[in-house]
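Q: Curious how this folds, go ahead:
(4 chains, ligands or ions: 6)
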Amino acid sequence: MADASDFRTAIKPVWCPGCGNFGILTALRGALADSGLEPNQVMIVSGIGCHGAVTQYVHANGFHSIHGRTLPVATGIKLANHELQVIAMAGDGDGYGIGIGHFIHAMRRNLDITLLVHNNKRYSLTTGQTSPTTEKGSSTKSTPFGVIEVPVNPLTLALSSGATYISRGFAGDPPHLRKLIADGIAHKGFALVDVLQPCITFNHVNTNAFYKEKVYKLGEDGDYDPTDMVAAYERAVEWGDRIPTGLLYKESRPTYEDEVMTIKDMPLVERPVVGVDISKTMEQFR
Amino acid sequence: MADASDFRTAIKPVWCPGCGNFGILTALRGALADSGLEPNQVMIVSGIGCHGAVTQYVHANGFHSIHGRTLPVATGIKLANHELQVIAMAGDGDGYGIGIGHFIHAMRRNLDITLLVHNNKRYSLTTGQTSPTTEKGSSTKSTPFGVIEVPVNPLTLALSSGATYISRGFAGDPPHLRKLIADGIAHKGFALVDVLQPCITFNHVNTNAFYKEKVYKLGEDGDYDPTDMVAAYERAVEWGDRIPTGLLYKESRPTYEDEVMTIKDMPLVERPVVGVDISKTMEQFR
Amino acid sequence: MIGGEAGFGIMASGLMVTKTFSRGGLHVFDTIEYPSLIRGGHNTYLVRTADREVHAHTGYIDMLVALNEETIHLHKEEMSQTGCIIFDGKEEPEGRFGVHADISLFPIPLTEMIKSLGGKPIMRNTAALGATIALIGYDITILEGLMSDMFQHKGDKMVLDNIRIVRAGYDFMMDNHPGGSGMIVNPLDDSRKPVLTGNDAVGLGALAAGCKFYSAYPMTPASGLLHFLAAEEKNHNLVVKQTEDELAAVLMAIGASHAGVRAMTATSGGGFSLMTESLGLAAMTETPLVIMEGQRPGPSTGLATRTEQGDLRFVMHAAQGDFPRVVMAPGDVKECFWAAGQAFNLAEKYQIPVIILTDKFLTENHRTVEGFNAMTIDRGLLLDPEEMDVHSDYKRYEITESGVSPRVLPGHTNGIYNANSNEHDEYGVDQEDPGNRTAMMDKRMRKLEHILEELEEPVLYGPVESDVTLISWGSTKGPILEAMMLLEQNNIRVNFLQILYLLPFHAEQVARIMNNAGRTICVENNKGAQLAGVIRERTGLAVDEKLLKYSGRMFTPGEIAGGVMEMIGHG
Amino acid sequence: MIGGEAGFGIMASGLMVTKTFSRGGLHVFDTIEYPSLIRGGHNTYLVRTADREVHAHTGYIDMLVALNEETIHLHKEEMSQTGCIIFDGKEEPEGRFGVHADISLFPIPLTEMIKSLGGKPIMRNTAALGATIALIGYDITILEGLMSDMFQHKGDKMVLDNIRIVRAGYDFMMDNHPGGSGMIVNPLDDSRKPVLTGNDAVGLGALAAGCKFYSAYPMTPASGLLHFLAAEEKNHNLVVKQTEDELAAVLMAIGASHAGVRAMTATSGGGFSLMTESLGLAAMTETPLVIMEGQRPGPSTGLATRTEQGDLRFVMHAAQGDFPRVVMAPGDVKECFWAAGQAFNLAEKYQIPVIILTDKFLTENHRTVEGFNAMTIDRGLLLDPEEMDVHSDYKRYEITESGVSPRVLPGHTNGIYNANSNEHDEYGVDQEDPGNRTAMMDKRMRKLEHILEELEEPVLYGPVESDVTLISWGSTKGPILEAMMLLEQNNIRVNFLQILYLLPFHAEQVARIMNNAGRTICVENNKGAQLAGVIRERTGLAVDEKLLKYSGRMFTPGEIAGGVMEMIGHG
Ligand SMILES: Cc1ncc(C[n+]2csc(CCOP(=O)(O)OP(=O)(O)O)c2C)c(N)n1
Ligand SMILES: Cc1ncc(C[n+]2csc(CCOP(=O)(O)OP(=O)(O)O)c2C)c(N)n1
Ligand code: SF4
Ligand code: SF4
Ligand SMILES: [Mg+2]
Ligand SMILES: [Mg+2]
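A: Ligands and ions are numbered 1, 2, ... in the order given. The predicted model follows:
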């Protein structure tokens, strides 16, 4: 069985030293191993942003797609071969900005895909502009006088859109994140893992220290029932001195793959391409 | 002062006789009059779909844009001239399908725009395919074996995205809808009016009779507090024997226009185009 | 032609007429015109039939079934000299609607008849169909057979009701006008030719080519393909997915294709705009991709339900950077079928995006075809698991002479790689080195040369020697072939160069033909004479004349013949 | 050149060097190269200065400031014969990094020096700057003045700290190498020439043209324009909006423009793909629109921070249907400024989309310019409220000889109309009639003829009579102008035809020049020779040779001169 190191590649990450992406990478490799997966069984689809290069750092099938479009590519792959464990990765700009439409629609479909969002609250690869999760008032290169919109809340959006596994991790706590990712993979259905990721270069507000002080794990201070949607909603809007991490919500509902009638028997990719007979189909045109 | 008939044009609507769009049109004209607006003060932006032609049936400035893109066009217009009363109109495919990203981002901006969605739960202009609000299991031309995703819920999405006026009307009750639209216009900030619209040609499930039996008005059966977000959330997910209409949620928060510092003094369009002096700006390059 | 208000059921009865003829072994071509509205506009369905192949509508009407008076007024100018009009009424009105005296009028009290038979008002068509058959002396049992096949799934009562009404219409005319209209149409044989639209043909071609994944967003005139394939989902074990937008439609197809399934999407120009970015993704990751683009008149929403050929340059150049792609434009329904098959083969063999460029005229009008032969499948350099077992240093983007690198489907231990939208090395890893970049660009673009070699050279219809050479692409083929007959009748020697492949382009062959040609006339259903531009770019040769139409309607053969005669000063 | 790892502060110090020269009245051109990574990659900043205009980098390095050893190894082949290298160290190492013996090495213990002065490691640059100034005998007070201007907003201490470190580097070299490097650079005067990138120039041009609305989504290499305009928001009463995607970016600009504000967006090829559909919307609604497209190497994500000219055909043909647009490609920083101004005038005068096509090389590299004159503003047929007061039957899309219809801003009682993406009549109402359609297409397309008449004809640089005519567009202008000097030194008579306007195209003028030319060579920074294709399409003429580079890097003048000499068999 593969262990975390089997998911390493020889390529050295180009991220800034100290970047939260390293913690996510470690957690991901661990989670893949914990899930009992082999590299050839895993397909990682990334978008464009600092996170995007992650497909090169995990030894697994990779598809480094385009900005904001992780999920439709991942969906196509999953429907074509649902035996692949598909992990979609996105940045906050990628996933909650330009790609937010796909995000909403993917959740209502409930495909068995795990989505990890490297949420650093900035457009980092393009040198630090505001992102949809940037806090109101923040000054960035594109908003020198401060952001004037309220940030999107991926967790409440996910709750509103039918996601069946909703969690939040912290790049500064890889073991906990590893568990969340592994649970997301184990979950049958769409799993969101929103990851609080410090960007040491462009985000001087939501730093490692900022999060270290504020994050807590759901359930650590008393019972938390992740199947209670109203409770989940209340925690999802919590953002201040205390920031919840962990499994926010979980629900069981048939996956999309379960309901697509033509892939029940076998993955689509195994259907023969050669020798299709259209003569019966032709009859309707006579 | 203009009355509803001043918002009529000479053009005969091409909608199918009995289409819910007629009720919406009537309500809209009335609401514009009730709001004390003159035709030249109003700008209506529509997308593509059966609803789209509405700009031709209301005597007011119109912009019949492209499919799904009502809101960014409306936003540009509003920012350029916030003295115009901007009404954005969309279909359910238009607004909650292809255009859902703009929908979410517009709400977090809280521009003072009123969005009316002609929600007939079908792609009608393209002859009746499934839409994002089509009920699970429905068979349509593009889903002859039944839709297998859960529909989007525009109301919970709006609640999660910072909309400050969220309501639902019914095309079969124009006077009530008229009031909702007028209140949306009066509201300072982004107002959503989701309209249950029967499509007599392609939706044989959510018919006029279907709705007549189920809709009720929030507050009619006891106190309802539209400022209570949790209560709103509970009603927003209600869909079955009883379907709530009316004002679901309302909140007061500065509008986007209030916060854009450079349009506080005057609409952007009034700034002079000629005679801009760039010599001071040039200094930074020396 | 059947004409009336949208909602009168014109589409359904038109298709009945078409199939009644095709079941009798006749060749049929039909033309459907409707505005971008669901109801309230004027719809027409024009059926043309003959005992030889018919490629287009003629532009004039022999028999008009007018379900309302407006139809007569809108079309009376198009009536042929000895045509006839069937209309709902008891008698010829005073003034005969102002139509020419040579035109016969056949009143039939459709509304009354239906009411007395207890039918729904929409069944006026059905009675009119029977009346039509009577007037042309055609075999009514063919129509009855068709009715029974079509309504069978709605139960016996439905079948009988319909047949009763057809008969009523038929009998009325036989009783009142036993001499018929003077026009006679006889069945040829019982070959029951299939009648397909271009959408149907592309769909059938895709099925035959082993396509298993179709993701799309509805858009006229490509929606028909979505509807057809969605209905076939179970029969052919497809996944057909209506997506949230065209971005997702093309990206899902790319994902599915990457995972090894033959995948396709289709749209019109507006939706193709949204697919633009992903074309480049397919090219850079070397993922096979098939897209049908059904043109309609732009710019923007334009005339959503009409026809035009305005997107040629657009699809040739969409997306940033230079990369290989194929653009093919089938000219008729039969070619649509083969184009779909070939598109999948080329896409997989060369690991590139392939665009099938059609239009409203081709995708939505019906035409009889003979059956189709079996399709050849070529998946190109696709390594199977056994081949991969022995691979120890697999390079997905290996630089080869042909530009094509062996492909592997995700899942094999030795075949792990990174499909990458960034410029990359042979393994798929990000690589910014200038030398690598140049080599990779060369590798990818090299494919085009090899593709050109394998594509069939352009076909010249008609005599090799001619006074006039018509040059065109796509759906104008039909009207042009018909126009050639008209021109020949006028003793004009004409041939026709059909450009099936727009990219890559057979520059040498086209230049050779043009250099040997008399007067060259480029016929295009657009404003920009886009093919003429492509020809000049590729060959340096300017066509002598351009015959363009961009009213949102297709040329009639007569318009082409007339235009040509005017251009060559033939009076 | 300054080189080192990303994160070493190379961009900032490079700009310091540039400005130190420009403040001394010298002409400067700089070239920035970095990979698509935030940290960890190799960055370089190459500054070239002279007392005459400089248009490009040369491809060789006179003085290399190497912040790490890798830099020396990566660039030693590019060193000019008598160049010198400044590096962080105490002495020349054994083996001299393998560089040629004629190259002088100047070690300076930067790390130590900074540590002893209590500076941050990133300040190694600053000391190196001082050392550089010393070695070329330049006036150190100019650099000190610049430092104090630039750090002023961070407080006096910051200014003093920096100056102390600059001085330390300067003094070290003056003490240890009083003879300098042998290279001498003297200030020319105190004209303090402005130093701008193409992005800066487009931004300034837009401001001068009265642009008040800028909506964009970040994308290299256009992000610089967003940053510049965002910073100017208050000074110039702009609304600058970063949107959720490029769809929204262009649509908001269309909305704002429709309401009467001069509005603009900018992006690169990937983002432009998403703007495609809206181009047609602007065309159909006849809304003025200005877009800058900063090219970078595709397909797809490609090489996100490198340069290429691969999007010409793409922007010329993006979106369905035929419609008028302007595509202009400024060749240098100065032309960027004027292009922006002209783009707004053309967009408003003809109510069309105008695309300013630039690239990474042009948008991100700095160059000295003289100041700019005042800009002429022409808003075209824009009816003012008084004119509208007397209008009783306003037709927004009135069919006119010029194709341009008088425009009114929403708000006036007599000016109510429907801007419509559907084909429409003169009032903007949906209209499917074929005659109306044809008339409207003709009306819109007519604009192009009038635009062409008013555009300046293409410029021929160099002698009218020549052996070789280079033809190119966009940012290759700089390297070509420099290459011409090299070619002249080799006694080759060469001139250069710059195509500033790609659409509409001055076909006659270009054909005339080409017909009179000796050998024609098209120089393009792409694989597809896209301009050569456009020329052939429009004139029928094929260029004799194509000199293409598509490694993601710009030509050096030497490469062009060398390529030309090889092609003409010189040498
Ligand atoms: C269509 C398109 N628009 C813009 C870009 C430029 N771009 C690259 S990465 C990026 C944003 C990255 O932000 P995020 O997704 O948060 O990732 P991060 O870099 O912060 O990890 C943008 C705008 C692009 N590649 N494609
Ligand atoms: C980019 C693009 N894709 C597809 C279409 C085709 N189209 C026109 S209307 C429509 C859907 C209409 O559905 P909806 O928005 O619900 O409006 P309705 O007709 O139901 O009122 C579609 C898909 C288009 N015009 N543009
Ligand atoms: S810029 Fe930020 S997100 Fe990107 S690699 Fe550096 S620290 Fe990480
Ligand atoms: S198709 Fe439906 S939505 Fe469209 S006009 Fe007819 S009834 Fe109304
Ligand atoms: Mg980010
Ligand atoms: Mg709808």
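Q: can you list the domains in chain C?
A: Domain assignment for chain C, taken from automatic domain parsing, gives C:2-176, C:196-368, C:382-454, C:459-567.
Q: near ligand 3, anything from the third one?
A: No - Domain C:382-454 lies out of reach of ligand 3 by C-beta under 6 Å from any ligand atom, never closer than 14.0 Å. Every C-beta, even on glycine, is put in place using the N, C-alpha and C of the backbone.
Q: wait, what's in contact with the residue of the stretch 151-286 of chain A found nearest ligand 6?
A: Distances between the stretch 151-286 of chain A and ligand 6 by C-beta to the ion are smallest at residue A:161, namely 19.3 Å. Listed by C-beta atoms under 8 Å, 6 or more residues apart in numbering or on different chains, the contact set of residue A:161 reads A:103-104, A:107-108, B:152-153, B:157.
Q: distance of it from residue B:150?
A: Residue A:161 is 9 Å from residue B:150, where distance means C-beta to C-beta, to the nearest Å.
Q: what residues do those two have in common as contacts?
A: Both residue A:161 and residue B:150 are in contact with residue A:108, where contact means C-beta under 8 Å, 6+ apart.
Q: Look up the pLDDT of the spatially closest residue to residue C:284 that is not a sequence neighbour for me, please.
A: Leaving aside its sequence neighbours, residue C:284 sits nearest to residue D:300 (C-beta to C-beta, 6 or more residues apart in numbering or on different chains; 3.8 Å). Residue D:300 carries a pLDDT value of 98.
Q: swap in the one 5 residues further on?
A: Here the pLDDT value assigned to residue D:305 is 96.
Q: Please look at it and residue D:221 and confirm they touch.
A: Yes - between residue D:305 and residue D:221 there is a contact at 7.4 Å, judged by C-beta atoms under 8 Å.
Q: and for the two, which residues touch both?
A: D:296, D:360.
Q: so which of the contacts of residue A:161 comes closest to ligand 4?
A: Of all the contacts of residue A:161, ligand 4 sits closest to residue B:152, with 18.8 Å by C-beta to the nearest ligand atom.
Q: and the residue of the stretch 201-350 of chain C nearest ligand 5?
A: Per C-beta to the ion, residue C:277 is where the stretch 201-350 of chain C lies closest to ligand 5, at 19.7 Å.
Q: Please name every helix or strand in contact with the one helix or strand that residue maps to.
A: Secondary structure assignment for residue C:277, by DSSP states H and E: helix C:269-285. Judged by 3 or more C-beta pairs under 8 Å, 6 or more residues apart in numbering or on different chains; DSSP states H and E, the packing partners of helix C:269-285 are helix C:246-258, strand C:289-295, helix C:312-317, strand C:353-359, strand C:418-420, helix D:269-285.
Q: so how many other residues sit close to residue C:180?
A: A total of 16 residues lie near residue C:180 under the criterion other C-beta atoms under 10 Å in any protein chain shown.
Q: and what of residue A:282?
A: If you count neighbours by other C-beta under 10 Å, residue A:282 ends up with 18.
Q: residues contacting it?
A: Shown in contact with residue A:282 (C-beta under 8 Å, 6+ apart): C:194, C:204, C:371-372.
Q: what about 10 Å?
A: C:194, C:196, C:200, C:204, C:207-208, C:369, C:371-372 (C-beta atoms under 10 Å, 6 or more residues apart in numbering or on different chains).
Q: Against residue C:369, how distant is it?
A: Separation of residue A:282 from residue C:369 (C-beta to C-beta): 10 Å.
Q: anything in contact with each of those two?
A: By C-beta under 10 Å, 6+ apart, the residues touching both residue A:282 and residue C:369 are C:194, C:196, C:200, C:204.
Q: quick one, helices of the stretch 1-150 of chain C?
A: Ranges of helices within the stretch 1-150 of chain C are C:10-23, C:69-75, C:110-117, C:124-135, C:140-151, based on DSSP state H, counting those that start in this stretch.
Q: Among those, show me which one is buried the most.
A: helix C:124-135 (a mean of 27; mean count of other C-beta atoms under 10 Å in any protein chain shown).
Q: Do that one and chain B come into contact?
A: No - using C-beta under 10 Å from any C-beta of the partner chain, helix C:124-135 stays clear of chain B, coming no nearer than 17.4 Å.
Q: Just the C-alphas of that helix, formatted as PDB.
A: Extracted in PDB, the C-alpha atoms of helix C:124-135 (Å, rounded to 0.1, in the frame of the first residue of the first chain):
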ATOM      1  CA  ARG C 124     -56.900  21.400 -38.600                       C
ATOM      2  CA  ASN C 125     -53.400  20.500 -40.000                       C
ATOM      3  CA  THR C 126     -54.300  16.900 -40.000                       C
ATOM      4  CA  ALA C 127     -57.300  17.400 -42.100                       C
ATOM      5  CA  ALA C 128     -55.400  19.700 -44.400                       C
ATOM      6  CA  LEU C 129     -52.800  17.000 -44.900                       C
ATOM      7  CA  GLY C 130     -55.500  14.600 -46.100                       C
ATOM      8  CA  ALA C 131     -56.800  17.300 -48.400                       C
ATOM      9  CA  THR C 132     -53.300  17.800 -49.800                       C
ATOM     10  CA  ILE C 133     -52.800  14.200 -50.500                       C
ATOM     11  CA  ALA C 134     -56.100  14.100 -52.400                       C
ATOM     12  CA  LEU C 135     -55.200  17.000 -54.500                       C
END
